[in-house]
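S.K.: just the structure for this:
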Amino acid sequence: MASSKKDSPGYIAAFALGVCLVCSLGVSSTAIFLADRQDENATVDRQKKVLAVAGLLKPGKEPGNAEVQSLFEERLVPQLVNLKTGEVIADVEGIGPAEYEPMKAAKAAKLTAPANEAKVRFLPEVSKIYYLVDDKRQVKKIILPIEGYGLWGFLYGYLALESDGVTISGITYYKHAETPGLGGEVDNPTWKGSWKGKKAFDEGSNEVAIAVVKNAQGEHQVDALSGATITSRGVTNMMNFWLGEHGFGPYLAKVRDQGPPTVVGDAASNNPSKPAEGA
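M.R.: Numbering: from 1, shown residues only. This is a model prediction of the structure:
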């Protein structure tokens, strides 16, 4: 019995190729169609982290995207900080805080960071921070982007300080690859809560004092994560870098010397729609 064309190798190969092409087009079309929604969800997720570390979201509460964006724009004001001088500036070559992406600018200009134990690779000349303000536009908290290497990769998050530039209000991470149950405990509400009230610096000093250690004692230590020595060390390293001379150290020194900061620029035009990833 003669075989049909459908049994021939050529037909089978052509049919398989056609199926692959159709599937590829379907996947590509879906990815393109959902790209904007995925970007929005990623932005809202980071906004939630900022709101949470600022103390504006209750644990377990899941507000909708519109509510998150509204609260973020109402209470969080982005500001640009020159890391070398510690000065808050209105814009970078005409680009304001809402649009400026520090790490993208640093990578484009190949601004590499000095050697550091946190393994931070790029360091922008100007970074973006956030002020938590009250209804009178008075600054209540300062929220700093932080990043550094843990055990398996980089951890990206935010550290909140009170307006004195010393007292820690909270910490959170929005992206990391640490082991669940070990280094992944950086997401544990109890551990994050243990940072509240700790002091980032010794009184009257610009030296970073906060550290993650075993059997923490006093106002400058936070308990290490059980079974996650390297991740704990990584968190200490990123504190030393971002609160130190190459990070926000010069800016925080000005805050401690001059008192609580004030909003720079037109707050109404500075409301961000997208928190920058990294510093």
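S.K.: looking at stretch 187-195 now, give me its mean pLDDT.
M.R.: Average pLDDT, stretch 187-195: 96.
S.K.: got the contact list for that stretch?
M.R.: P59, I168, G170, I171, T172, Y173, E185, V186, A216, V222, D223, L225 (C-beta atoms under 8 Å, 6 or more residues apart in numbering). C-beta here means a position set from N, CA and C on the backbone, and glycine is covered the same way.
S.K.: what about the third one, which SS state?
M.R.: When classified by DSSP: H, G, I helix; E, B strand; the rest coil, G170 comes out as strand.
S.K.: that one and G204: what is the separation?
M.R.: 24 Å (C-beta to C-beta, to the nearest Å).
S.K.: neighbour count for those two, which is higher?
M.R.: Set side by side, G170 and G204 show more neighbours around G170, with 18 against 6, by other C-beta atoms under 10 Å.
S.K.: circling back to that earlier point, from the contacts of stretch 187-195, which single one is nearest G96?
M.R.: Distance ranking of the contacts of stretch 187-195 against G96, using C-beta to C-beta, places T172 first at 25.3 Å.
S.K.: and the two most separated of the contacts of stretch 187-195?
M.R.: Within those, P59 and A216 form the most distant pair, 22.5 Å apart (C-beta to C-beta).
S.K.: show me where pLDDT drops low in the stretch 151-279 of the chain?
M.R.: Where the stretch 151-279 of the chain drops to pLDDT under 70, the residues are 266-274, 276-279.
S.K.: what's across from G170 in the sheet?
M.R.: With beta bridges defined as DSSP bridges, G170 has these partners: A160.
S.K.: can you give me the helices for the chain?
M.R.: In the chain, the helices defined using DSSP state H lie at 9-53, 65-75, 102-108, 189-193, 229-242, 249-258, 267-270.
S.K.: can you pull the contacts of the spatially closest residue to E207 that is not a sequence neighbour?
M.R.: In space, and not counting its chain neighbours, E207 is closest to F201: 6.7 Å by C-beta to C-beta, 6 or more residues apart in numbering. F201 makes contact with V166, E207, V208, A209, I210, L243, L252, R256, according to C-beta under 8 Å, 6+ apart.
S.K.: drop anything exposed from the residues you listed.
M.R.: Buried members of those, counted by 16 or more other C-beta atoms under 10 Å: V166, V208, A209, I210, L243, L252.
S.K.: need the longest strand for the chain.
M.R.: Determined from DSSP state E, the single longest strand within the chain is strand 139-149.
S.K.: mean confidence score for that one?
M.R.: 98.
S.K.: that one pairs with which strands?
M.R.: Within its sheet, strand 139-149 is paired with strand 126-133 (antiparallel), strand 154-162 (antiparallel), according to DSSP bridges.
S.K.: how big is the angle separating the longest one from helix 229-242?
M.R.: Between the axes of strand 154-162 and helix 229-242, defined by axes from the mean of the first three to the mean of the last three C-alpha atoms, to 10 degrees, the angle is 60 degrees.
S.K.: next one: the shortest one
M.R.: Inter-element angle recorded for strand 126-133 and helix 229-242: 90 degrees (by the same axes, to 10 degrees).
S.K.: give the buried residues for strand 126-133.
M.R.: For strand 126-133, burial by neighbour count (16+ other C-beta under 10 Å) applies to V126, S127, K128, I129, Y130, Y131, L132, V133.
S.K.: still on that earlier bit, adding distance to A115, write the helices of the chain out as JSON lines.
M.R.: Shown next, in JSON lines, are the helices of the chain (distance: least, C-beta to C-beta, whole Å):
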{"stretch": "helix 9-53", "distance to A115": "28"}
{"stretch": "helix 65-75", "distance to A115": "36"}
{"stretch": "helix 102-108", "distance to A115": "16"}
{"stretch": "helix 189-193", "distance to A115": "29"}
{"stretch": "helix 229-242", "distance to A115": "11"}
{"stretch": "helix 249-258", "distance to A115": "17"}
{"stretch": "helix 267-270", "distance to A115": "34"}
